[in-house]
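J.: Got a predicted structure here, sequence first:
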Amino acid sequence: MTKRIFLSTITVVVSVLLLSLALITGVLYEHFQKIQMDQLEVTEEFVEQGITLDGMDYLKNLNENDCRITWIAADGTVLYDNRFDASQMENHKNREEVKQAMEGSAGTSFRQSTTVSERTMYYAKRMQDHTVLRLSVSQSSVLFLLGGMLSPICFILLAACILSGVLSYRVSKKIVHPLSELDLKHPEQVETYDELSPFLQRIAAQNREIEHRVRELKKQQQEFSMITENMSEGLFVVDRNYQILSYNKSAVQIFGIENEPIGQNLLAVNRSQAFREAVDSAFQGRHTQKNLTLNGRVYQIIANSVCSPDSEQELVGAVLLVLDITEKEEQERYRREFTANVSHELKTPLTSISGIAEIIRNGIVRPEDIPHFAGKIYDESQRLITLIGDIIKLSQLDEDQVPLERESVDLLEISRDVVQQLSSVAKKNGVSLVAGGTHGSVYGVRQVLSEMVYNLCENAVKYNQKGGRVSVDVKQSDAAITLTVKDTGIGIPKAEQSRVFERFYRVDKSHSKAVGGTGLGLSIVKHGAALHHAAIELNSEVGEGTEIKLIFPVKR
Ligand code: ADP
């Protein structure tokens, strides 16, 4: 900065100096030249008068050293010259000033001398006898004059340089100092010269703008982090080189990433083909969904490309969303199995009904056998009705379509009702069935609770032996109300215990069918328990009996 100011100052100073010098020299030179010409004119007047009076004698006696006097005849022959020998001099009629004088007017001319430093000024005038009197004087040339002034000019220039240097240093210091001391965070607090104020105000305004933008960005970043960190889905954002730019906690957990993923290659996160295919197709601009099994769970990978905001053609990266769809997949599988099972379960009694009806239609059956076949049709139809009833109940529970009219339901009361309903079946099977305990009330759907207790008691009676016992017990503690159905029946093998709550699962299919089971009873119990947030406990020993507990939490 100092150098620039110095150069500018010195350029201005030198230019002004030289221009002034040229102007002054020019003006003065002109002025002195005019004075000299006037003097020549006056001198010529005197000499002319002298020649008129005394002729050549006057000239010869004249002692004039300042100027050169030349007397020229009308034909141009030099008659006299006070500096040179006239007889040796050439004819002068072609000299500019002489020519002019011969034509009648005073002639003037300037000619460069043999040396560059001088030039000669001529003044010639025709006298009355038509001879020409010429006077000339040497004067210094402008360059010579300037040359003469060289040392003062150099001195002035040197002084100008020094002054400019000092001035530039001080000025630049004054300009630069506030800038170097500037606190860019608080530019308004700096005391400075007026010219800098708009600049500082602008910085302050820009600072405010930047702060505002940073705040906005931070807010957006926090919102984004809050959303992504609380997402159960995994998220990855990658650049066009597959390098991870952003991720969330769930993504790290799903893929069990141990090192910091930022900057890592996304394909290193999972080496499976499905994952690679999903990522690759996103980079080919396609929206892709792929399923991936990881640690026994099923994940859906949704990959999308990200384009530049300026051009939709330019791919700048990709976003990967990883969803845990294990439950959804399982439900799908259950649904498929359920549909297949339902079709199968419905087909068996219907085939039997249709077969019996056909034999009767063909008249093959003897009249006395018809009640037997009619009884079979009735039994199969009852099985169908029970089955369809169970399917409807289960579907309602499945689809959350149970009329949710909740009320306070006394479990002991319900148990007693169920015991009442099943008393004849129990009697027929030679099983004793009793209900007891305390009046524990559950806030729930009466119909569903009743169905659950009924199914448990019915199973306890069905899968029992002659002389066996079934007891229903209701207990209330501070934390829960527990309903226990205990029997002394055939029991459930340990290996089957976890599966008996599955739809259509039966330990012994023929036994279940023989006792009129549909394979849906315990499924309905499981769904009913879930509806009431109740836990189920199953304890069973083959040959000894089974105990199933429904534990309802007490709401406070
Ligand atoms: P089902 O209609 O066949 O009884 P459930 O879903 O009610 O269907 O029960 C499933 C299977 O669990 C039954 O087929 C039976 O084998 C077994 N089971 C259920 N309860 C008992 C019990 N109290 N004692 C022995 N086995 C039982």
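T.: Alright, I've got the coordinates. Residues are numbered from 1 along each chain as shown.
J.: Neighbouring strands of the one helix or strand residue 122 maps to in the sheet, and parallel or not?
T.: Using DSSP states H and E, residue 122 sits within strand 118-126. Here strand 118-126 is paired, per DSSP bridges, with strand 107-112 (antiparallel), strand 132-140 (antiparallel).
J.: Comparing the ones you listed, which comes out most buried?
T.: A comparison of the strands paired with strand 118-126 by mean neighbour count, using mean count of other CB atoms under 10 Å, puts strand 132-140 on top with a mean of 20. Quick note: C-beta positions are derived from backbone N, CA and C, even for glycine.
J.: Averaged pLDDT, the strand holding residue 122. What do you get?
T.: For strand 118-126, mean pLDDT is 90.
J.: Name the residues of it that are buried.
T.: Residues 119, 121, 122, 123, 124, 125, 126 are the ones in strand 118-126 that count as buried (16 or more other CB atoms under 10 Å).
J.: Nearest to residue 154, out of the residues you listed: which one, please.
T.: Within the buried residues of strand 118-126, the smallest distance to residue 154 is 25.2 Å, found for residue 119 (CB to CB).
J.: State the distance from that closest one to the ligand.
T.: Residue 119 is 137 Å from the ligand, where distance means CB to the nearest ligand atom, to the nearest Å.
J.: Would you point out which residue of the stretch 151-300 of the chain is nearest the ligand?
T.: When distances are taken as CB to the nearest ligand atom, the stretch 151-300 of the chain reaches nearest to the ligand at residue 296, 26.2 Å away.
J.: Tally up the residues packed near that residue, please.
T.: The number of residues packed near residue 296 is 6, by other CB atoms under 10 Å.
J.: ok now do it, which residues does it touch?
T.: By CB atoms under 8 Å, 6 or more residues apart in numbering, no residues touch residue 296.
J.: isn't there a strand covering residue 323?
T.: Yes. Assignment of residue 323 by DSSP: H, G, I helix; E, B strand; the rest coil places it within a strand.
J.: Name the residues of the protein found near the ligand, please.
T.: Neighbours of the ligand within the chain, by CB under 6 Å from any ligand atom: 455, 459-460, 463, 487, 489-492, 500, 505-508, 512, 517-523, 546.
J.: Give me the buried entries from those.
T.: Among the residues of the chain next to the ligand, those classed as buried by 16+ other CB under 10 Å are 455, 459-460, 463, 487, 489-492, 500, 505-507, 512, 517-523, 546.
J.: Narrow the residues you listed to those in strands?
T.: 487, 546 (DSSP state E).
J.: Give me the contacts around stretch 469-485.
T.: Residues from elsewhere that reach stretch 469-485 (CB under 8 Å, 6+ apart): 411-412, 415, 418-419, 426, 431-442, 453, 456-457, 460-461, 464, 486-489, 547-554.
J.: What of stretch 258-276?
T.: By CB under 8 Å, 6+ apart, the residues outside stretch 258-276 that reach it are 236, 238, 242-247, 251-252, 255, 257, 279, 290-292, 294, 301, 320.
J.: Could you do stretch 385-394 as well?
T.: The contact list for stretch 385-394, computed with CB under 8 Å, 6+ apart, reads 342, 345-346, 349, 451, 503, 516, 518, 520-521, 523-524, 527.
J.: Among the contacts of stretch 469-485, name the buried ones.
T.: In these, burial by neighbour count holds for 411-412, 415, 418-419, 426, 431, 433, 435, 437, 440-442, 453, 456-457, 460-461, 464, 486-489, 547-552, counting by 16+ other CB under 10 Å.
J.: picking that back up, so how do I select the buried members of the contacts of stretch 258-276 in PyMOL?
T.: Applying 16+ other CB under 10 Å to these, the buried members can be selected in PyMOL as follows:
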select buried, resi 236+238+242+244+246+247+251+252+255+257+279+290+292+294+301+320
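J.: What about the contacts of stretch 258-276, which are in helices?
T.: Counting by DSSP state H, the contacts of stretch 258-276 place 251, 252, 255, 279 in helices.
J.: isn't the last one right up against residue 236?
T.: Spelled out, that is residue 279. No. The criterion here is CB atoms under 8 Å, and residue 279 misses it with residue 236 at 9.1 Å.
J.: Residues that sit against both of the two, list them.
T.: Common neighbours of residue 279 and residue 236 (criterion: CB under 8 Å, 6+ apart): 266, 320.
J.: Alpha carbons of stretch 224-234, as PDB, please.
T.: In PDB, the C-alpha atoms belonging to stretch 224-234 read as follows (Å, rounded to 0.1, in the frame of the first residue of the first chain):
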ATOM      1  CA  PHE A 224     -32.700 -32.700  11.000                       C
ATOM      2  CA  SER A 225     -30.600 -34.400  13.700                       C
ATOM      3  CA  MET A 226     -33.600 -34.500  16.100                       C
ATOM      4  CA  ILE A 227     -35.700 -36.200  13.400                       C
ATOM      5  CA  THR A 228     -33.000 -38.600  12.100                       C
ATOM      6  CA  GLU A 229     -31.600 -39.500  15.600                       C
ATOM      7  CA  ASN A 230     -35.100 -40.400  16.900                       C
ATOM      8  CA  MET A 231     -35.900 -42.400  13.800                       C
ATOM      9  CA  SER A 232     -36.000 -46.100  14.200                       C
ATOM     10  CA  GLU A 233     -35.100 -46.400  10.500                       C
ATOM     11  CA  GLY A 234     -31.500 -46.300   9.500                       C
END
